[in-house]
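Trainee: Pasting the sequence and the predicted model now:
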Amino acid sequence: MLKASSYAHQHNLVHALTKAARGRNCVEGLTHAFYRYPARFSPQFARAAIHLLSKPGELVMDPYMGGGTTVVEAMYLGRPVIGNDLNSLAFFVTKVKTTPLSETEIRYLEQWANRCVPWLSYRMPLQDIESHFDERKMKNLTHIRARFIKKVMAAALASFSDLPTTATRNFARCVVLRVGQWALDGRAKQTPLPHFRSKLAAMTHQMLADLREFMACCGAAQTGGPSVHLYNEDAANVANLPCFALGDRKVSLVVTSPPYPGVHVLYHRWQVNGRRETPAPYWVAGCNDGQGASFYNFGDRRETAGDTYFAASLRTLRAIHRVMAPGAYMIQMLAFNNPGDQLPLYLCNMQLAGFSEVLRQRTDGSTRALRIWRDVPHRKWHATLNGKTHSSREVVFIHRAV
């Protein structure tokens with residue numbers, strides 16, 4: 001059961017987790033809005049879990065970190081944190097979200113937004129920007145709705161030459177990535193170029209203000225802040241990460257959202273021109289992809305039995321267990337395409353990996369598994385057309401390492 005000196009204390013803790021999990025606030029605050037990464041959970045939920053189930057100085061980990069929500073919130077709360085993801089785009093976004101900039105670097109970025117961005121144009125000579133094209137990652141950006149934005153994004157990438165450091169160039173890439181997503185992903189109409197330039201300048205200043213707030217909150221500007229280690233690895237290899245090389249540091253809390261069984265999520269694509277998929281995010285971020293959706297989802301969505309998914313899941317769960325302290329909590333948010341079959345299989349994987357599900361005590365003295373269900377908020381328009389499918393409901397599992 002949960003650590004609790006009384007039934008009332010346990011009830012209050014469960015109430016706080018449930019309220020945070022079911023909150024419908026938009027993802028905002030600190031650096032969370034730098035990019036709209038798919039399948040993310042709310043900062044309020046991550047913050048509540050970290051605050052309630054760990055202490056300052058205890059090590060927090062997210063082995064499937066996605067857009068870095070857990071990493072950012074752990075740093076905000078003064079916890080050292082390890083973030084890992086198989087997807088290089090997730091690593092890039094989280095790295096930018098958590099990398100402090102000096103005041104000199106911030107001034108360079110402000111000057112870029114004020115001086116360079118207004119001059120970005122579709123009419124820029126091709127020879128000035130063609131070296132920044134990557135046709136393999138620009139698939140489906142030739143349609144009239146996208147090709148103007150594509151060329152201006154290439155012009156933006158070419159304009160980074162005056163930025164002095166890798167951190168400033170990566171930050172500017174992330175701004176272009178965020179505004180490119182706004183302009184192209186799921187858009188029914190073409191985004192006018194003046195709107196794109198205006199958004200790009202405004203987003204630069206907004207993201208810099210958000211980063212300043214984050215740096216002030218976690219003390220990064222003065223003391224270096226809490227330690228953060230980020231990796232772009234298969235979660236099945238987390239026990240071999242350099243931060244565990246000495247073997248004397250164990251994870252006190254895992255807060256994460258692994259791939260969902262049987263649910264197809266575009267972790268690595270935008271949908272443009274009538275929902276055609278493009279790997280353009282990897283072009284803008286300067287990341288390598290080369291992998292299909294099944295690589296990031298632990299299995300192909302057409303595989304009804306899910307054998308590939310559950311085999312991959314078990315490998316990662318066993319690796320995660322090896323780096324956790326005895327009794328440490330693992331908080332997960334998942335959805336299932338077929339919960340009747342897949343949920344028991346997932347819980348069986350957890351047991352095989354060495355985890356025990358936390359039980360909640362009832363007033364009559366009996367117990368039941370502590371699970372928190374919620375409707376997925378802010379679904380995309382094409383998802384809401386499908387109505388309340390199984391995958392539109394998520395569940396929070398609470399386990400402990402035994």
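Mentor: Arrived safely, thanks for sending. Numbering: from 1, shown residues only.
Trainee: all contacts plus neighbour counts: C-alpha atoms, from now on.
Mentor: Will do.
Trainee: can you map out the strands along the stretch 301-402 of the chain?
Mentor: Taking DSSP state E, counting those that start in this stretch as the criterion, the stretch 301-402 of the chain carries its strands at 324-335, 355-357, 359-361, 367-369, 371-375, 393-401.
Trainee: These into a markdown table, with extra columns for distance to residue 59?
Mentor: As requested, these are exported to a markdown table (distance: least, Cα to Cα, whole Å):
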| stretch | distance to residue 59 |
| --- | --- |
| strand 324-335 | 9 |
| strand 355-357 | 18 |
| strand 359-361 | 24 |
| strand 367-369 | 26 |
| strand 371-375 | 24 |
| strand 393-401 | 15 |
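Trainee: okay if I get the ones you listed as a markdown table plus distance to residue 45 and mean neighbour count?
Mentor: Shown next, in a markdown table, are the strands of the stretch 301-402 of the chain (distance: least, Cα to Cα, whole Å; neighbours: other Cα atoms under 10 Å):
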| stretch | distance to residue 45 | mean neighbour count |
| --- | --- | --- |
| strand 324-335 | 10 | 21 |
| strand 355-357 | 19 | 21 |
| strand 359-361 | 19 | 17 |
| strand 367-369 | 19 | 13 |
| strand 371-375 | 12 | 17 |
| strand 393-401 | 10 | 21 |
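Trainee: Just give me the lowest mean pLDDT stretch among those.
Mentor: For these, the bottom mean pLDDT is recorded on strand 359-361, which sits at a mean of 80.
Trainee: Each with direction, which strands does that strand pair with?
Mentor: Neighbouring strands of strand 359-361 in its sheet, by DSSP bridges, are strand 367-369 (antiparallel).
Trainee: among the strands of the stretch 301-402 of the chain, which is nearest residue 103?
Mentor: Proximity to residue 103, assessed across the strands of the stretch 301-402 of the chain by Cα to Cα, is greatest for strand 324-335 (37.0 Å).
Trainee: name the helices or strands packed onto that closest one?
Mentor: When contacts are defined as 3 or more Cα pairs under 8 Å, 6 or more residues apart in numbering; DSSP states H and E, strand 324-335 packs onto strand 251-256, strand 393-401.
Trainee: Now do stretch 207-223, average pLDDT.
Mentor: Mean pLDDT, computed over stretch 207-223, is 83.
Trainee: what's the offset of it from the middle of its chain?
Mentor: 19 Å (Cα atoms, centre = their mean, to the nearest Å).
Trainee: re the thing from before, between the helices and strands packed on strand 324-335, which one is closest to residue 192.
Mentor: Closest to residue 192 of the helices and strands packed on strand 324-335 is strand 393-401 (Cα to Cα; 36.2 Å).
Trainee: Strand 371-375 and that closest one, what's the angle between them?
Mentor: Angle, strand 393-401 to strand 371-375, by axes from the mean of the first three to the mean of the last three Cα atoms, to 10 degrees: 160 degrees.
Trainee: want to try CSV for the helices and strands packed on strand 324-335, with distance to residue 24 as columns?
Mentor: Formatted as CSV, the helices and strands packed on strand 324-335 follow (distance: least, Cα to Cα, whole Å):
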stretch, distance to residue 24
strand 251-256, 18
strand 393-401, 13
